[in-house]
Each structure stands twice: as structure tokens, then as C-alpha cells.
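[1] Let me see the structure of the following:
(one chain, ligands or ions: 2)
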Amino acid sequence: MLRYADIVLPLAQPAYTFAVPEGAAVAAGQAVAVQFGPRKFYTGIVWRVHDRKPDFKRIKSIHRVLYDAPLLSAQQMSLWEWVASYYMCSVGEVMRVALPSLMKPSGDTEEEFSDDEFRPRTECYVALSRELHDETAFHEACEKLERRAPKQYEALLELAAAGDETRISTGEVARRLLRADYAVLHALERKKLIVCTERERTVERGGSAFRLPELTAHQQAALDALRGEFAAGKTTALLQGITGSGKTEIYIHLIAEVLARGGDVLLLVPEIALTAQLIARMERIFGSRVTPYHSKLTNRRRTETYLRLNRSEGGEFVVGVRSSIFLPLKRLQLIIVDEEHDASYKQTEPAPRYNARDCAVVMARLVGGRTLLGSATPSLETWLNAASGKYGRAELSERYGDARPPEILVSDTLRAAKRGERKAHFNKLLLDKIGEALDRGEQVMLFQNRRGFSPYVECTECGWTARCPHCNVTLTYHKSGRKLVCHYCGYTAEVPAKCPSCKVTDVIPMGFGTEKVEEEIAKIFPEARIARLDRDSVTSEKAFNAIIADFEARKTDILVGTQMITKGFDFGGVSLVGILNADNLVNNPDFRAAERAFQLMMQVAGRAGRRAEGGEVVIQTSEPGHPVIRQVVAGDFGAMARAQLAEREAFFYPPYARLTSLTLRHRDPVVLRQGIMELAARLRVRFGRRVLGPMTPPVDRIRGEYLAGLLLKIESGASSARARELLAAELKTFSENPAFKAVTVVVNVDPQ
Ligand SMILES: Nc1ncnc2c1ncn2[C@@H]1O[C@H](COP(=O)(O)OP(=O)(O)OP(=O)(O)O)[C@@H](O)[C@H]1O
Ligand SMILES: [Zn+2]
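    Ligands and ions are numbered 1, 2, ... in the order given. Prediction:
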């Protein structure tokens, strides 16, 4: 009998049915090449094999089977299906993010498919030369090097210390795990003191000889509490620990347990920015067990990683960003989501608009594993789940060692201005503190949530501002390059010499971004070494690492930055953190503004005083009495959470309601208006007062298209599956209406 296979292609379409060639062994989860159209080839995933002949005429055959083993397990297929159904997209769109791009080529020829290419890559391993295995010889060599070549001396010591503590290590260490740089190792190799070998990367498995940090009594209690929750059957638990309390140390213990019994662990981090430091820290303990996975790796590396994991027998430890949730970890037992509150776990563009944290919870359930959500400032959704007993929980309320939580000082900007105690965008208090910190040889971080030089330029005479011709926003002035830039579409323009409207005066940069902060602080502290970390200064992974490495090595005194500096960094030398303008954080119109502002300020503040005593934070604001500012000063997460939850409940927002936002886009504002009115009316028939809008988004025109929105609020207790079904049906009717064919509809479930 002829067999057929439903095949998922990386498209916003349902699965297509192809015929299975006679005698071919084709199973669900397997990758296949199929021809589509006259010449185009795609990689697809076999979803189902069956014998129901589809009712179209020309049924094409599968071209050939790719890779030996299926690329997806049954559980992974269930996760893809869950994502597609929950976030209202096609399984093919999930495939787009779930598989590395080299694994889903599509092109004119079939040539691109090749599965033998991806051999495991080789790696350089370093060991002491045989002569130095003798203690006396080793110490002689060290003595010779100590004064003349201190770096080579340090490298030898590091290599010798890589084993256990009592004896000189004679084993091999992967070069990338050593601090010593290439030139130093090369010199040692020439002197025949070390041997370097290039060979296939080995992942040592089994065994549990990891050197784990000794936990403090508090940390041990938190770890025991988590084990207790998991043992009692909770599949998800929250570890809420203040910044610098040692959440990461607790992760390490849990990870080691799972690896020792041959299970796999996935540690999710919100952004590539964070991974470098954390990966290094994990590699110091777990060595080559650590597999990084993020967008800065080459496509090749990601493909190799996927295929290697797919063949693995377990004992894998992946540290990665949100898309790692789709990696083939066959023995997944533990997923840790670090900084679980972070908005970057949610993909907003393009589909699938998934939240990796929520997928982690689902995936752990699918595989019978556990999820640990860690944060100093959890999302209110997670916090409520833990408070209600749905999730397990453990707390860490003290910083590790002698470090105390930083003291938070609020500086009133209006008052400072009135008294003449304000220079550029700094109040006297902050400048004094910066001066003192620099005098003591300590480091400073300054946070401003806008990049560029100034958010807009304005004519002081007539009020004209430079706006983007394609988007309804003001252009941001970037001083380097003297350009006006649209942060939505990338449009750039020259700064006009005279105001184009009244032609009377110059246009003047207003407000301030990181670039301006950097320039101003350099004028005030000409001696200080200053660096900036934001999307403009971070042009590559290398540039990013260089900025971080310099700051870590204390080659920089002051680091100015956007959100990028807020996350998880562990710099020992920072004693002062300045938040330049808290007003635009707390006064955001979004319903999450207070929660976000609190999280952000606590996170930035958490970078201060992580080793020494007496870390300080200065928050500049014109509203020192604002409730959120007060909650931050008190470090009182509970107060913020209770106040916000009361408001959310009263106004029916998450976690008491589930939101789905609908954004319609079209070039013609009249068609858009008609479309959104029509859709709103239809949805109201179904959902009544649960439909809000039409509303105009804060930026209502992007790249020449007009935007309008609707918001659907479904009570948390109701069946969200039923709501999605009704919504999907209405959207289908809408898109089939010839009048609105060209209107784009973007559905975002659980928007951030
Ligand atoms: N038990 C321990 N033994 C040795 N060092 C520790 C221990 N606990 C914490 N530390 C050190 O204290 C610092 C802060 O710990 P860690 O980074 O784990 O905190 P965290 O809670 O993850 O912080 P954040 O939320 O700010 O990222 C680190 O440098 C860490 O190495
Ligand atoms: Zn624009």
C-alpha cells in the first residue's frame, strides 16, 4: 500500500502531504528533502506517516531522507505543537527558530544538502611536558621563568593546578579553558615545557568529580528547600535571591547532581550579553561539559552542536539563549531559567512569538523533568504562582560573604537644579560620590536607558523637531558621525544647519542618551578612563568582550551603558552605581511599567559592592516620593509585588488575565481604520467586553505602514484554548475578506 507523510516546512503554512517512496524507511521526526515548485528544494520534518491519500492530483514524492537519525524526539514534536497552538502560529514557523539555519536550507538545487560535513570540531589540548611531571624539574622550570617571563610562569602554575590540589596535574586541559593567551602558550611549547595537541573534542562523561563551591548555611538551606520541593513533586520552583546572594552557586550544585547521574541540563540566560561571563564560570567547574548555544556562534557551530547533542548519550550541559529550548536533549532532567523575569525570553518578532521561560515549564513537564526559575526580582506571574503554592520556592535574603546590599540614595533633580547643584545631567551628590569612588581606585557604572546622544533635536524658536519620514517618531541624534537616526527603521539624516521650519535659529539636541553621558562625564573627570556599553558601541561579540574584559581588568574606571549593563554581571571593583534618570522608567504608560522599573533599578543597583562593603547607588529623579522609588530604596520586593498585584487585579491585567494583542498594519490609514473597526466589531460579538480598542500604539507608523491595535483580555481561569480557537476562526474570516487581504495581522500572545 502507498504511504504518505505530512511534512512540516519552514513556512507559515500547515504541513504538506508527500508520498513516501517505495521501500523508504521514513519515521516521524526525520528530516527529508522535498521539492517544492518546479525547482525549489526544502528541508522538512516528517510529522506523521499514514495511508490516507490526499485529495489533490499530483502528489510528489519525498526526494530523500536526510541525516541518519530523526532530528526530533516525540517530546520535541509535542513542544513544537504546543508552541504553535499556544502562540497561534504554524509548526513551520516554530521550525524556523528551532533548527539552526544550515539544517533547513532551501534553494534552487539539491546540492546544499549534505550531512557528512558536520563532523565534531577539533580542539587544542595542553598538558605539561613529560619532563615536568617530576616535581623537582617542575619547580626548577618555574624558578627560571618567574622573573624573566612572569606570564609563562603563571601559565605553568595554572596548568599544574588544573588537576587535584595536592599534586602537579599531568592531564590535558582544553586551551580555551586556560587564562593564558596563545602567545604565552606558544612560547612554552617552543621551550618544550608543554605539549599541545589538536584533536577531536572530547566530552568526558560519567563521574562527578566536579569541584563544587562550598555553600554557606543559608545557601545550603535554600538548596535543601529546592530539593524538597522537587522531591515532593513540584515540577517548577522559584529561587528568589537578592543580587549577589549566590543563586548561581546553587544552580551549580543542582547541575552537578544531574550530570553525575547522566542526565542533561539546560541553563537558559536572557541574552548573549550575559553568556560570556557565565559560561567562563561554568567551564571552570564543568570543563568541556559546557556547550554554549547562542546567535553569535556561526551557523556551522550551531549545526554541529545540534547534531552532536542529537547523538549524545546524556550528561550534556547547555548554556544558551531562548532558542536553546529547542535543542535535542534526550535526557533532559533540569531546566534552569536565570533572570526569569527578563523580557528578552519573549520573542516579539517574527513568529513564533514564544516565551522561552514558559516553554521551559512546558518542556520539563513533557519530559518529566524539573524547571528552576531564578531571579532577584521575579515576574509577578511567577511570584504569584510561588505564593499560591503552584510552584515550589526557596529564598536567599543575604549577600555572600562580607558584601552587604548597597545603600540606595535618592537625589532630587529639581531640587538640585534650584540650588544650582547640577552640572550637565549630574546632581552634585552623584558627582561627589563618583569623585570619591575614583579617588579610592574603585569603579563606577552609570545607567541611562537611552542610547545615542540625545533622543531628539528641537528648534528653540518654533518647536520644530526632526522626525522620521517613515515612522511616527523623533530622530535620535548620534554625535559620532553627526547623524540623526531612526531607532525603528534605521533611517539616517544630516542635522539641518538652520531650522527647516522657521529658518531662524539652530536646532538643539534635547534630552540625553548614553553617548552624551559619556561625553559629559569625560569633561568633568578628564583623568578617568571611560567606556560605553550599548547597541552602538557593541558592534560585534569581540567588541563586547573587549569592553567587558577591560572593565573586569580595571582598565576602565567608569562604564556608561543602557540595559546591557544591568544584567547579572559580577564585577568585583564596582562600588558605585548611578541611575541618571529614573523618571522615564517609572512614568511609562505600560501596565508593567512599575514592575519593570523596580526590576531594572534593583538589577543595576545589584552591580554595586558585590565584594567589598559599602556599595552605593544614587538614583536621580524629579519624583523622589514615587512609590516605586521608595520600594527600591527599601529593597522591598514584596511591597512592590503586593501593590502591583492589587492594581492588576482591580484593572484585570496579568496574572489575573491573559492578554493577546492584535496589531494590524497597512499602508493606507483609511483601509486600516475600516479593517480594525470590522475586526473589533466581530470580536466583540464573540468576546464582548474582553475586547479593548481599537487603539493607537505609541508609535503608530513604522517603515511607512500605519499601525492600529486591539487587546483581548481573557480571565485566567477560563479556557485559553477555547478562546484561541474562537479568535483563530475570526482571524481567518477577516483575512478572507477581499477588502482586507493586504492588511497584515500580527497576533502576540502574552505580550511583554
Ligand atoms: N558559597 C560560595 N563560595 C564562594 N563564593 C561564593 C559563594 N556564594 C557566592 N559566592 C560569590 O559571590 C558572588 C555572587 O554570587 P552569585 O553571582 O552566585 O550571585 P547571584 O545571586 O547569582 O547574583 P546576581 O543575581 O546578581 O547575578 C560571586 O562572585 C560568587 O562567586
Ligand atoms: Zn523610521
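[2] Skipping adjacent residues, who's closest to the closest residue to ligand 2 within the stretch 101-250 of the chain in space?
    In the stretch 101-250 of the chain, the residue that lies nearest ligand 2 is Ser101 (27.5 Å; CB to the ion). (Glycine included, C-beta is placed from N, CA and C.) Sequence neighbours aside, Asn299 is the residue nearest to Ser101 in space, at 5.3 Å (criterion: CB to CB, 6 or more residues apart in numbering).
[3] can you pull the contacts of the one you found?
    Pro100, Ser101, Leu102 (CB atoms under 8 Å, 6 or more residues apart in numbering).
[4] for ligand 1, what are the nearby residues on the stretch 201-350 of the chain?
    Residues of the stretch 201-350 of the chain lying close to ligand 1 (CB under 6 Å from any ligand atom) are 213-216, 219, 241, 243-249.
[5] ok, of those residues, which come out buried?
    Among these, the ones that count as buried by 16 or more other CB atoms under 10 Å are Leu215, Thr216, Gln219, Gly241, Thr243, Gly244, Ser245, Gly246, Lys247, Thr248, Glu249.
[6] Nearest to Glu494 among those?
    Thr243 (43.4 Å; CB to CB).
[7] name the helices or strands packed onto the helix or strand where Ala155 lies?
    Assigned by DSSP states H and E, Ala155 belongs to helix 150-160. Under the contact criterion of 3 or more CB pairs under 8 Å, 6 or more residues apart in numbering; DSSP states H and E, helix 150-160 touches strand 122-128, helix 135-148, helix 182-190.
[8] still on that earlier bit, of the buried ones among the residues of the stretch 201-350 of the chain next to ligand 1, list those near ligand 2.
    The subset of those within reach of ligand 2, counting by CB under 5 Å from the ion, is empty.
[9] Give me the subset of these that lies in helices.
    Using DSSP state H, the members of these that fall within helices are Gln219, Lys247, Thr248, Glu249.
[10] Columns pLDDT on top of the residues you listed, output as JSON lines?
    Listed next are those as JSON lines, based on pLDDT from 0 to 100:
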{"residue": "Gln219", "pLDDT": "97"}
{"residue": "Lys247", "pLDDT": "95"}
{"residue": "Thr248", "pLDDT": "94"}
{"residue": "Glu249", "pLDDT": "95"}
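[11] Would you convert those residues into TSV that also reports distance to Val8?
    Output for these, formatted as TSV (distance: CB to CB, whole Å):
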residue	distance to Val8
Gln219	45
Lys247	38
Thr248	37
Glu249	41
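[12] Nearest to Met695 among those?
    Using CB to CB, these come closest to Met695 at Lys247, 38.7 Å.
[13] ok, the closest residue to Ala543 other than its chain neighbours - how many residues close by?
    Leaving out its chain neighbours, the residue that sits closest to Ala543 by CB to CB, 6+ apart is Ser537, at 6.9 Å. Counted with other CB atoms under 10 Å, residues neighbouring Ser537 total 20.
[14] what sits against Ser537?
    When contacts are counted by CB under 8 Å, 6+ apart, Ser537 touches Ala531, Ala543, Ile547.
[15] So which residues on the stretch 351-500 of the chain come close to ligand 1?
    Ala376, Tyr400.
[16] one step back: which one among the contacts of Asn299 gets closest to His666?
    Ser101 (30.3 Å).
[17] Look at the closest one and report its pLDDT.
    According to the per-residue confidence, Ser101 scores 80 in pLDDT.
[18] Dump stretch 621-628 to CSV, restricted to CA.
    Provided in CSV are the C-alpha atoms of stretch 621-628 (Å, rounded to 0.1, in the frame of the first residue of the first chain):
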residue,chain,number,x,y,z
THR,A,621,14.8,61.6,39.9
SER,A,622,12.4,64.5,40.0
GLU,A,623,9.9,62.4,41.9
PRO,A,624,11.7,61.2,45.0
GLY,A,625,8.4,60.3,46.6
HIS,A,626,7.2,57.9,43.8
PRO,A,627,6.1,54.6,45.4
VAL,A,628,8.4,52.5,43.1
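[19] Please identify the helix or strand for Gln35.
    Taking DSSP H and E as the definition, Gln35 sits inside strand 31-36.
[20] and that strand, which residues are buried?
    Neighbour count says strand 31-36 has Ala31, Val32, Ala33, Val34, Phe36 buried, by 16+ other CB under 10 Å.
[21] Closest one of those to ligand 2?
    Proximity of the buried residues of strand 31-36 to ligand 2 (CB to the ion) peaks at Phe36, which lies at 35.0 Å.
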